[in-house]
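Engineer: The sequence and its predicted three-dimensional model are supplied below.
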Amino acid sequence: MSLLAWTYLIAALTAVACSLAGVMLVVKREALVSEGLSHAVLPGIVLAFLVFRDRSSPLLILAAGLSGLLMVWLVQWIARTGRVKQDAALGIVFSGMFSVGVIASSLNLKNVHFHAHCIIDGNLAFAALDDCHWFGFYLGPKAFVSMLLCVVGVIGFVVVFFKELKLLAFDETTSHLFGFRPRLLHTIWLAIVSIVAVAAFEVAGTILVVALMIAPAAAANLLSDRLSWMFVLSALLGVVAALLGVALSQPLSISPAGPISSIAGFEFLLIVFFAPKRGLIARRIARRRRRRLWIALLAKRNRLPKNE
């Protein structure tokens, strides 16, 4: 398989993993968590690299995942104090953790290859060059293997715990009555989002991770009220944005992250205007129909004979 074909495949898998992980964030109105996680994993990656000096070490992924989980725990702990709301706690925690990561990545040390443009844009265009071998067998690029595992893990979790996720999304009180533990399930889901963000961070960068987690899921939320269809539509919109973004980046000779993010945002804007039920045009047409109906009813009422 050619390097370009691998790039398309890696981009598609990254889009599916991120867009599926973002559905519950959008439904629970926690879209800012994706921004926080994409930034909060940075200090874990950088500090682990400064310690072990090995970019291929799995300890970097472990450290990044722990960094994301630390952010989730700190946000929940601060919010439970009742002093500030969750969104304010999230802003405080992730901005502080990201600052630590930026300071660490800016240190002028030898053999440290973290740069600002890699943190922001990722290296999707070169992800296919880093091969993965297991017991002598070629499995493909490392980014392909890691994102494929993320996609399988997220889909498996959604399939197994779909009823619980539906209760968590739309009726958390009923979830308590049925004996479920929505807070624990919510924490597990945030941990999954953190793992996906960690896996996609080096490939996609912070901007693309946030764009793929939020834009397709938000667009799917406008197209359907059913959680199952939200997952499906979000994944499809993410794949379309990823493939078109990579195709657009080739003649422009730029990083695919920017075009993919732009197309994902453009998809969302199109659906905001043209969604069948919740789109701006559909709502305007519905308002005009209601207005004409009220005018017709009032006119009919005025024509009725009055009781003497």
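Structural biologist: Now that the structure is in, tell me what you want to look at.

Engineer: Please confirm that Gly140 is located within a strand.
Structural biologist: Yes - using DSSP: H, G, I helix; E, B strand; the rest coil, the assignment for Gly140 is a strand.

Engineer: right, and it touches His133 too?
Structural biologist: No - assessed by Cβ atoms under 8 Å, Gly140 is found out of contact with His133, at 9.7 Å. Quick note: C-beta positions are derived from backbone N, CA and C, even for glycine.

Engineer: between the two, which one's more packed in?
Structural biologist: Gly140 (16 against 10; other Cβ atoms under 10 Å).

Engineer: hey, what's the more buried one bridged with?
Structural biologist: Cys132 (DSSP bridges).

Engineer: Pull the contacting residues for it.
Structural biologist: Trp6, Asp131, Cys132 (Cβ atoms under 8 Å, 6 or more residues apart in numbering).

Engineer: Put together a markdown table for these, with neighbour count, distance to Leu25 and pLDDT on each row.
Structural biologist: A markdown table is the format used below for the contacts of Gly140 (neighbours: other Cβ atoms under 10 Å; distance: Cβ to Cβ, whole Å; pLDDT from 0 to 100):
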| residue | neighbour count | distance to Leu25 | pLDDT |
| --- | --- | --- | --- |
| Trp6 | 17 | 29 | 85 |
| Asp131 | 12 | 33 | 75 |
| Cys132 | 15 | 29 | 75 |
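
Engineer: just those residues now: which is nearest Phe266?
Structural biologist: Trp6 (25.4 Å; Cβ to Cβ).

Engineer: Can I get the contacts of Gly140 in a markdown table including distance to Leu165?
Structural biologist: A markdown table is the format used below for the contacts of Gly140 (distance: Cβ to Cβ, whole Å):
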| residue | distance to Leu165 |
| --- | --- |
| Trp6 | 32 |
| Asp131 | 36 |
| Cys132 | 31 |
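
Engineer: and which of these is nearest to Arg290?
Structural biologist: Ranked by distance to Arg290 (Cβ to Cβ), the contacts of Gly140 are led by Trp6 at 52.5 Å.

Engineer: show me where pLDDT drops low in the stretch 101-250 of the chain?
Structural biologist: Low-confidence segments of the stretch 101-250 of the chain, defined by pLDDT under 70: 105-122, 171-179.

Engineer: in it, which spans are helices?
Structural biologist: Along the stretch 101-250 of the chain, the stretches classed as helices by DSSP state H, counting those that start in this stretch are 116-121, 142-160, 162-170, 172-177, 182-223, 227-252.

Engineer: closest one to Leu20 among those helices?
Structural biologist: The closest of these to Leu20 is helix 142-160. By Cβ to Cβ, the value is 4.8 Å.

Engineer: Output the contacting helices and strands for the closest one.
Structural biologist: If you count contacts as 3 or more Cβ pairs under 8 Å, 6 or more residues apart in numbering; DSSP states H and E, helix 142-160 packs onto helix 3-27, strand 131-134, helix 182-223.

Engineer: and with 10 Å instead?
Structural biologist: Packing partners of helix 142-160 (3 or more Cβ pairs under 10 Å, 6 or more residues apart in numbering; DSSP states H and E): helix 3-27, strand 131-134, strand 137-141, helix 182-223, helix 227-252.

Engineer: After the first one, which helix or strand is next?
Structural biologist: The reference is to helix 3-27. helix 32-52 (DSSP states H and E).

Engineer: I'd like to check the angle between that following helix and helix 3-27, please.
Structural biologist: Helix 32-52 runs at 130 degrees relative to helix 3-27, counting by axes from the mean of the first three to the mean of the last three Cα atoms, to 10 degrees.
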